[in-house]
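Visitor: Give the three-dimensional model of this entry:
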Amino acid sequence: MINTIDNFIKLRLLLDVEGIGSGKLFNLLSKFNSIEEITNTNYQSLISIEGISNNLANRILKKLDNFKSFEKQIIVELEKLHKLDAKWITYWSKEYPQNLKNIFAPPIILYYKGEIKNSDSNSVAVVGTRMASRYGKSIAEKFTKDLAKNNITIVSGLARGIDSVAHKSSLDAGGRTLAIIGSGLDVIYPAENKNLFLEICNNGAVISEYILGTKPDAQNFPKRNRIISGISLGTLVIETKVSGGALQTAAFALDQNKEVFAVPGNLGIPQSEGTNLLIQKGEAKLVRNAEDILVELNLKIQPEIGKNIPEPTIDLNMFEQKIYELLSDQPKHIDIISKESGINSSECLVHLLSLEFRNIVKQLAGKNFVRS
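Guide: This next block holds a predicted model:
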């Protein structure tokens, strides 16, 4: 199981190797089936895998040679995480946000303080400029409160300006909010948001893919932005310059086939240039109120939301659902599953392993699978 501490340490070790990201890690898992097998492999087996060069194989083996010292380092880190009352989850954990599993290059490990709930899958990202106008703050507060009152979790980045207003307004409305940050959980940025950070932890979660001690360096925020859009059903942009990070989040949302919404702003105001451009290019839907977003996302207005909708018995992403529907109590080989689902064998095996971890499917000899 990937979610044991021992396998977490091995997973961290692999991800610490320069050149190993989620894509190459999935390739490794499709070949070796488990973290344990990867860490007991040899050079020839590694270079036989797509994307693993001679140099990368050597870097992996060199890292594995230093496993004991790395293990001590991670144990110290986990103790610090525990003292912060924070937790870690992996891509294969049941708590891992389902919306995030469907994006390109999902974060393999997430650290969080607070609580991540299944209901957070009904979420909308609200992003915008740090230099918000009075109009922008007013609009952000109105939209966010109305969404929160309709049981929509608000996702943002804990930055100054629109982000802070979005978090605060959702909390004021009695709703939940998730803050995705570009630093370690022990580095609150900006420092003035310390109290807001703690409030979010009590009514949602602060989430990061960065290890403790990571500073809020500029290069961290583009990666952070893909999580903001990826964890949400759609992204609402309220005031941004044409060079603003909010446009970057919107671009990620479009790449992830998520809805993008924008509030139009006054002409001639720098904070309105980005949102107006999104609307002009047809990349964002112009919205006048929260109801426009709820209708577009097919979420019903409170108290109708969720009414007469049966609770799913199994929580699967769209790829897992497709694979699960192809299985029965009769063994089926991975190659046949891959062909019938239209998913390449490497990705298919990753999804099957995720299903197996949750005891939804069972793997038999020879890479055959059945429903559990």
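Visitor: Against which helices or strands is the helix or strand of the chain with the lowest mean pLDDT packed?
Guide: Every helix and strand in the chain was compared by mean pLDDT, DSSP states H and E; the lowest is helix 345-357, with a mean of 82. The helices and strands touching helix 345-357, judged by 3 or more CB pairs under 8 Å, 6 or more residues apart in numbering; DSSP states H and E, are helix 22-32, helix 318-326, helix 334-341, strand 361-364. Every residue, glycine included, has its C-beta placed from N, CA and C.
Visitor: Buried residues, that helix. List them.
Guide: Going by neighbour count (16 or more other CB atoms under 10 Å), the buried part of helix 345-357 is Ser346, Glu347, Cys348, Leu349, Val350, His351, Leu352, Leu353, Ser354, Leu355, Glu356, Phe357.
Visitor: Which two among those residues are spaced furthest apart?
Guide: Using CB to CB, the pair of these lying farthest apart is Ser346 and Phe357, separated by 17.2 Å.
Visitor: ok, back up a step: so can I have a markdown table of the buried residues of helix 345-357 showing distance to Phe26?
Guide: Formatted as a markdown table, these follow (distance: CB to CB, whole Å):
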| residue | distance to Phe26 |
| --- | --- |
| Ser346 | 7 |
| Glu347 | 7 |
| Cys348 | 11 |
| Leu349 | 9 |
| Val350 | 5 |
| His351 | 10 |
| Leu352 | 12 |
| Leu353 | 10 |
| Ser354 | 11 |
| Leu355 | 15 |
| Glu356 | 15 |
| Phe357 | 14 |
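Visitor: out of the residues you listed, who's nearest Lys241?
Guide: Glu347 (37.6 Å).
Visitor: what about the closest residue to the closest one other than its chain neighbours, distance to Ser354?
Guide: Nearest residue to Glu347, sequence neighbours excluded (CB to CB, 6 or more residues apart in numbering): Phe26, at 6.9 Å. Distance of Phe26 to Ser354, given as CB to CB, to the nearest Å: 11 Å.
Visitor: How about Pro222?
Guide: Counting by CB to CB - Pro222 and Ser354 are separated by 27 Å.
Visitor: now swap in Lys168 and tell me
Guide: Distance from Lys168 to Ser354, by CB to CB: 36 Å.
Visitor: repeat for Asn150
Guide: Applying CB to CB, the value for Asn150 to Ser354 is 31 Å.
Visitor: and the residue minimising distance to the centre of the chain, helix, strand or coil?
Guide: Taking CA atoms, centre = their mean as the criterion, Leu100 is the residue nearest the geometric centre of the chain, at 3.9 Å. Here Leu100 is recorded as helix under DSSP: H, G, I helix; E, B strand; the rest coil.
Visitor: And the helices in the stretch 1-150 of the chain?
Guide: 5-15, 22-32, 35-39, 43-47, 54-65, 67-83, 98-101, 134-149 (DSSP state H, counting those that start in this stretch).
Visitor: Break the protein down into its domains, please.
Guide: 5-83, 112-296, 318-371 (automatic domain parsing).
Visitor: deepest of those domains, which one?
Guide: A comparison of the domains of the chain by mean neighbour count, using mean count of other CB atoms under 10 Å, puts domain 112-296 on top with a mean of 21.
Visitor: Now do that one, average pLDDT.
Guide: Domain 112-296 shows a mean pLDDT of 96 in the predicted model.
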